[in-house]
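> Have a look at this prediction, sequence included:
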Amino acid sequence: QVQLTESGGGWVQPGGSLRLTCSVSGAMIRDLGVAWFRQMPGVYREFVTAMGSNGGRLSGPDSLQGRVFISRDITDNTVSLQMNRLKPEDTAVYYCAAGSSISSSPSTYQYWGQGARVTVSS
């Protein structure tokens, strides 16, 4: 059974950086597409970025362009999300998701983590 566990969430001041990590068990990330989504209270789950099994990346909304970067460590079987120049509107619960392919739609992904809360405030 594939299980995803996010870590690295927390509080950061505006302009700061944070790195989230998704630890995957039950499958090898080189065989999976892995994505990050985020969800603010009362709002739909928003696509952030994704990486396919071949290492190709899929970018999310313009508001995140140049500020977030997805990477993976095949040895550790983890996928990370580096977030820079964070803004208060980036406050959300961030979810790691995995499936056999990637897209910006949550329905593409069969496996989900429990989420990591990120709070950006002064």
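That came through, no problem.
> State the distance from the residue lying closest to residue 69 once chain neighbours are set aside to residue 48.
Closest residue to residue 69 apart from its sequence neighbours, by CB to CB, 6 or more residues apart in numbering: residue 82 at 4.6 Å. (C-beta placed from N, C-alpha, C; glycine too.) To residue 48, residue 82 is 11 Å away according to CB to CB, to the nearest Å.
> Neighbour count: the two, which is higher?
residue 48 (25 against 15; other CB atoms under 10 Å).
> Once you drop chain neighbours, what's closest to the more buried one?
Here the residue nearest residue 48, using CB to CB, 6+ apart, is residue 36, at 4.1 Å.
> Walk me through which strands whichever strand or helix holds the one you found pairs with, and which way each runs.
Residue 36 belongs to strand 33-39 when assigned by DSSP states H and E. Sheet pairing for strand 33-39, assigned by DSSP bridges, gives strand 46-51 (antiparallel), strand 92-99 (antiparallel).
> Make a markdown table out of the ones you listed and add mean pLDDT and distance to residue 60.
Compiled in a markdown table, the strands paired with strand 33-39 are given as follows (pLDDT from 0 to 100; distance: least, CB to CB, whole Å):
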| stretch | mean pLDDT | distance to residue 60 |
| --- | --- | --- |
| strand 46-51 | 98 | 5 |
| strand 92-99 | 98 | 12 |
